[in-house]
Every structure is written in C-alpha cells, then in structure tokens.
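1. here you go, sequence then predicted model.
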Amino acid sequence: MNTEAVKVLVDAEHNQQLQSIGYKILNKERISFEEGVALFEQASLSYVGALANWVREQKHGHKTYFNRNFHIEPTNVCVFSCAFCSYSKLYAHREEGWELSIDQMMHIVKSYDGKPVTEVHIVGGVHPKMNMDFFLELLRTIKAHRPDLHIKAFTPVELDYMFRKAKVSVEEGMRLAHEAGLDSLPGGGAEIFHPDIRKKICEDKVDADGWLAIHKAAHELGMHSNATLLYGHIESYWHRIHHMDRLRSLQDETGGFNTFIPLKFRNKDNDMSNVAESTIVEDMKMYAVSRLYLDNFNHIKAYWPMLGRKNAQLTLSFGVNDIDGTIDDTTKIYAMAGSEEQTPTMSTADLVQLIKQVRRQPVERGTLYNEIKDYSDVAIDAV
Ligand code: V47
Ligand code: SF4
C-alpha cells in the first residue's frame, strides 16, 4: 500500500484514538505506552498490518534480509527451570543430555570450512561444568581457525551465570569475552521482562535489569546485539508493551540493538503444555505492533524454525524485513517445543524462493546488515 492508500485507511478509521495513532505513524512520530496497548486491544489486524507494512517499506522497501549461518548448541543440559522450556528438566537427568567438548564444537566449525557461511550462532543450556575459561577458550579457538567468521554467542542467562561463577563484574566479563573473539550477542533469554510474569515462567534466571545491563555493557564496547520477546502464553498485552518499552529506552541510550525478534511460545513437552498457543492472527498482530512500537529498531526478524515457513512468509507483509538464516544444522530446542519444523534446515535457494514467492527482494546480509548479495535478478536454479 502506498502512502496515499494508507492515509485513506487512517482517515476512514472510526475509533479516534486509533486514528490519531495512525496519523502519528504517518508523521513518523513516536507512539506512547498507552497507544501501544490500544493497538493490541482495539485495532483490527488489517489496520495494524497496513501501518506496519508502510513503516517496513519506508525503512527497507521490499528488501528482505537473510544470512548464511550455522548454530552450535554446546549442551542441552540446564540448571534453570523455565516452565516453557523443553530442556528445563534435563539437569536432574543429565546423562540423557549432551555436552560438547571444544574439539567436538571445532569439528562442527571445521565442517563449514570452504562454505560461504558468515556467522556462527552459539547458544545452549547452562551447564555448571562449562565455565568462563571453557567458553573463552572456545571463542579463541574458533577465531584462530577462522578469523572472519562472526561469532554471535551466549545470552545474558549464560553470561550472567558464568560471570558470577568466575567472580567478575559484567563489564569485566564482557571485555574478556569480546577480547577472546565474541562479536555480538543474540537476543535470547529476554522472555518477558515484567517480574509478575517472569516469576511464573522463569523465576531463577537473570532478571530484566541483569539482561539489560549485559546488553548495555556489550553496546558500550561497540558490540551489537538482538532482542527477543516470548509471547502468546500467560502475559497480557501491556506486559508486551512494557517489555518493548524497556528495549526502546535502552536503544535510545546506546543504539546497539540491531534486530527485534518476537518468539511465539510453543507448548509441546514442557511445563506449560496446558497453555494454548496463539492464533495466526495474534502472531501477525505481534509482528505488526512491534514494528510500530520499536521506532528506533532498524530490523524486525521472523524466526522461521519457530513459526513455520508459510507463516514466516506472511510476516513479510506485517512489518518483518528479516528472515534469519539458512541454519544448515540440527537446532533442537524448537523441534522439542513443538515447532512443525522438525528438521530446521533451509538452503539459500529455498530461502530466496520463499522471499520471492511473496514478491519481496531477497538480500543476503552479514550479521551487522552489511549487504553481501542481492538475489533479485538471480534465477532460482542459479542460486
Ligand atoms: O530465550 C525456549 C526461546 C530462546 C521455547 O538473536 C522458546 O538472532 C518458544 O533467542 N517456545 C532462544 N520459544 C532463541 C533465541 C534466538 C533464536 C534465533 C535467533 C536469535 C538471534 C535468537 O528460545 C529463549 C526462549 O525465549 N524458547 N523454549 C518454547 N517452548
Ligand atoms: Fe535453560 Fe534457557 Fe531452557 Fe531456561 S530457556 S531452562 S535458561 S535452556
């Protein structure tokens, strides 16, 4: 929809609050906390969708970014007990889980030698044996082997645990990790910041202030990071806005966030299996409102292994401009939690086709959104 068509839609809106939010967005003004909640509670999907798509096209046109990465999960054993997580019971039965040595992880890294991947994403459970020295050595060994591979690794949950065990401050810990080769932070571990919900779903891991302090310390060292929000379980709309508001404030201070990734709660084989999953309408609304609320985030990403490919395609009309990576690996946490993507692998040709099918422009990017290749004019059989 072009600007004129969106303006017609806003002019025709009967709800005065929603109409005034629409004009603010068209004028590129920031919307307030209450207005964010009103969008969730009162706006139709078509209204928020048209506005979010307009913002997306103002910022990026039809460009839809993806990257070529691979994931390593050092362990699926975890000392924490997040109710939504299919790993959370494993520490008591740790012989059933896996823990990779540095050699085993280097074997995975080396299996990509000569392949055009630009990023390794390393995130897993929190295993007491895998301490700070272990991970610093892992970072140094990867960098020594392949210096140009961008290492995006460890959530504040893992970092907070390792820093506290090593008795180093957040600032010192982040400096050591950065010096050893850590390039940026992924967005995980954020869940829902509000303590009323956090207490119920992930009481024992790092809290909101701790999560934000670690990202702030990374930004102050010149590193970038992502942010997530786990939605569609027991939270209310205003908890989502509260979460995004804290992210928007930190982004005003540091400018260090690259991407926001809403993560849809999946309910298989965890302690929240009784909680119904959100509908597709709710999913698209979540993407659209986050595009509208987070005016200082450049990118909104749909994580297709969690959402499924077809739904990920749909998000590209609801504010999303990034569709993550090729993920040529065996990431387990999502398959375990009930995603229909049991084998989350997609080749570059698959990703390019998925983006072109919905008439968007596929662009391969590096982790920091440097453009590597525009696939607009590349035929699928030549990818
Ligand atoms: O924090 C765990 C989520 C996250 C479930 O930064 C679940 O590029 C839904 O953050 N249902 C980790 N979600 C994954 C993550 C991520 C993924 C891809 C890219 C990036 C990035 C970050 O996975 C956890 C948690 O919120 N998670 N269990 C579940 N049952
Ligand atoms: Fe552990 Fe992360 Fe799962 Fe929580 S979400 S139990 S911290 S692996």
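-> That came in fine, so what should we check first? Ligands and ions are numbered 1, 2, ... in the order given.

2. how about the residues of this structure near ligand 1?
-> 84-85, 186-189, 191, 226, 228, 230, 261, 263, 265-266, 270, 303, 306, 324, 333, 337 (CB under 6 Å from any ligand atom). (Each C-beta comes from the backbone N, C-alpha and C, glycine too.)

3. one more time with 5 Å
-> Contacts of the chain with ligand 1, taken as CB under 5 Å from any ligand atom, map to 84-85, 186-189, 226, 228, 230, 263, 265-266, 303, 337.

4. can you lay out these as TSV showing pLDDT?
-> TSV is the format used below for the residues of the chain next to ligand 1 (pLDDT from 0 to 100):
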residue	pLDDT
84	95
85	93
186	98
187	98
188	98
189	98
226	98
228	98
230	98
263	96
265	96
266	94
303	91
337	60
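
5. reformat the residues you listed as TSV; add distance to residue 118.
-> Putting the residues of the chain next to ligand 1 into TSV (distance: CB to CB, whole Å) gives the following:
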residue	distance to residue 118
84	31
85	29
186	15
187	18
188	20
189	23
226	16
228	21
230	27
263	23
265	30
266	28
303	18
337	27
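
6. can you tell me which of those residues is nearest residue 196?
-> residue 230 (14.7 Å; CB to CB).

7. now the helix or strand encompassing the closest one, how far from the centre of its chain.
-> Using DSSP states H and E, residue 230 falls within strand 224-231. Chain-centre distance of strand 224-231: 5 Å, with CA atoms, centre = their mean, to the nearest Å.

8. average pLDDT for the next helix or strand after it?
-> Toward the C-terminal end, the helix or strand that comes next after strand 224-231 (DSSP H and E) is helix 237-254. If you average the pLDDT over helix 237-254, you get 98.

9. CA atoms of helix 237-254 as PDB?
-> Extracted in PDB, the C-alpha atoms of helix 237-254 (Å, rounded to 0.1, in the frame of the first residue of the first chain):
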ATOM      1  CA  TYR A 237      -0.800  -7.100  26.000                       C
ATOM      2  CA  TRP A 238       0.600  -4.400  28.400                       C
ATOM      3  CA  HIS A 239       3.300  -6.800  29.500                       C
ATOM      4  CA  ARG A 240       4.500  -7.000  25.900                       C
ATOM      5  CA  ILE A 241       4.400  -3.200  25.600                       C
ATOM      6  CA  HIS A 242       6.300  -2.900  29.000                       C
ATOM      7  CA  HIS A 243       8.900  -5.200  27.600                       C
ATOM      8  CA  MET A 244       9.300  -3.400  24.300                       C
ATOM      9  CA  ASP A 245       9.300  -0.100  26.200                       C
ATOM     10  CA  ARG A 246      12.400  -1.100  28.200                       C
ATOM     11  CA  LEU A 247      14.100  -2.100  25.000                       C
ATOM     12  CA  ARG A 248      13.200   1.100  23.300                       C
ATOM     13  CA  SER A 249      14.600   3.100  26.200                       C
ATOM     14  CA  LEU A 250      17.900   1.200  26.200                       C
ATOM     15  CA  GLN A 251      18.100   1.600  22.400                       C
ATOM     16  CA  ASP A 252      17.600   5.400  22.800                       C
ATOM     17  CA  GLU A 253      20.700   5.400  25.100                       C
ATOM     18  CA  THR A 254      23.000   3.100  23.200                       C
END
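
10. which residues does that helix contact?
-> 33, 36-37, 40-41, 190, 192-194, 196-197, 208, 212, 215-216, 219-220, 227, 229, 231, 257, 260, 286, 289-290, 293-297 (CB atoms under 8 Å, 6 or more residues apart in numbering).

11. pLDDT weak spots in the stretch 101-250 of the chain?
-> Nowhere does the stretch 101-250 of the chain drop to pLDDT under 70.

12. how about the residues of the stretch 51-200 of the chain near ligand 2?
-> Within the stretch 51-200 of the chain, the residues that sit near ligand 2 (CB under 5 Å from any ligand atom) are 78, 80, 82, 85, 87-88, 125, 157.

13. pipe those into JSON lines and attach neighbour count and secondary structure per row.
-> As requested, these are exported to JSON lines (neighbours: other CB atoms under 10 Å; DSSP: H, G, I helix; E, B strand; the rest coil):
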{"residue": "78", "neighbour count": "23", "secondary structure": "coil"}
{"residue": "80", "neighbour count": "18", "secondary structure": "coil"}
{"residue": "82", "neighbour count": "22", "secondary structure": "coil"}
{"residue": "85", "neighbour count": "23", "secondary structure": "coil"}
{"residue": "87", "neighbour count": "24", "secondary structure": "coil"}
{"residue": "88", "neighbour count": "19", "secondary structure": "coil"}
{"residue": "125", "neighbour count": "25", "secondary structure": "coil"}
{"residue": "157", "neighbour count": "24", "secondary structure": "helix"}
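
14. need those in TSV (columns: distance to residue 245).
-> TSV is the format used below for those (distance: CB to CB, whole Å):
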residue	distance to residue 245
78	29
80	25
82	23
85	25
87	29
88	28
125	29
157	21
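
15. out of those residues, which is nearest to residue 181?
-> residue 157 (20.1 Å).

16. mind checking how far residue 44 is from ligand 1?
-> When distance is defined by CB to the nearest ligand atom, to the nearest Å, residue 44 is 26 Å away from ligand 1.

17. kindly report the same for residue 142.
-> Distance from residue 142 to ligand 1, by CB to the nearest ligand atom: 17 Å.

18. ok, now residue 221?
-> For residue 221, the distance to ligand 1 - CB to the nearest ligand atom - is 18 Å.

19. quick one: residues contacting the closest residue to that residue other than its chain neighbours.
-> Setting aside the residues directly before and after it, residue 221 is nearest to residue 178 in space (CB to CB, 6 or more residues apart in numbering), at 5.2 Å. When contacts are counted by CB under 8 Å, 6+ apart, residue 178 touches 218, 221, 223.

20. try residue 105
-> 72, 74, 122, 138, 142.

21. what about it? Give its phi and psi, please.
-> phi -70, psi -40 (degrees, to the nearest 10).

22. same deal with residue 365?
-> Torsion angles, degrees, to the nearest 10, at residue 365: phi -130, psi 160.
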